[in-house]
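> sequence and predicted model, in that order:
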Amino acid sequence: MAHTVEQLAQSFHKALKAEPGPAGRRKVCELLQAALTDAPFIASTFSDSTSDRHLLYEDPELGFCIFAHNYKGAKDSPPHDHGPSWAIYGQVQGETQMSDWDLVEPAAADKPGKVRHRRTYKLMPGDAHVYNEGDLHSPSRASSTRLIRIEGTNMERVKRLKFQAA
């Protein structure tokens with residue numbers, strides 16, 4: 001089945017409207033996984049000039065966003081959550097090593113929180129994973145990658161707290 005951003009956005013909206021919590025997000029994750037291996041959809045969504053954070057869609061009612069990420073080169077990100085929001089990472093190309101972390105000490109505006117490593121796993125093309133509110137994680141890329149990420153709200157408008165390994 002050929003996918004489009006508009007069709008996916010409508011499907012995501014319907015799923016999140018019917019079940020606004022984790023169950024709806026799991027449905028969105030399943031829908032995204034089906035699109036991740038749709039070669040014509042991926043070709044129409046990404047090009048070499050796609051930036052590392054390209055907004056494809058922002059839902060006017062529910063506020064969720066669909067982003068295309070075209071990361072060039074290796075990068076490690078520190079442990080983080082998505083503040084009061086959630087995110088779904090969908091791997092399109094390349095490999096992401098994702099680590100999950102347990103909270104040891106909460107963060108404050110003036111002091112990073114402390115976290116302890118729980119596990120590391122790979123996101124490969126076609127994989128998608130839900131991170132609910134408060135889920136601490138850190139991606140690491142050994143080389144260039146592409147992914148589609150759904151955010152519960154546009155994270156550019158959210159001030160997030162910092163975390164560091166205990």
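It's in.
> give me the residues contacting the helix or strand hosting residue 140.
Taking DSSP states H and E as the criterion, residue 140 maps to strand 136-141. Applying C-beta atoms under 8 Å, 6 or more residues apart in numbering, the external contacts of strand 136-141 come out as 71, 73-81, 89, 94-103, 115, 123, 131, 163. From N, CA and C alone the C-beta is placed, and that goes for glycine too.
> which strands and helices sit next to the helix or strand that it is followed by?
If you walk from strand 136-141 toward the C-terminus, the next helix or strand you reach (DSSP H and E) is strand 145-151. Here strand 145-151 touches helix 22-36, strand 65-71, strand 87-93, going by 3 or more C-beta pairs under 8 Å, 6 or more residues apart in numbering; DSSP states H and E.
> most tightly packed of these?
Comparing the helices and strands packed on strand 145-151 by mean neighbour count (mean count of other C-beta atoms under 10 Å), strand 87-93 ranks first with a mean of 22.
> partners of that strand, with directions?
Counting by DSSP bridges, the strands paired with strand 87-93 are strand 128-131 (antiparallel), strand 145-151 (antiparallel).
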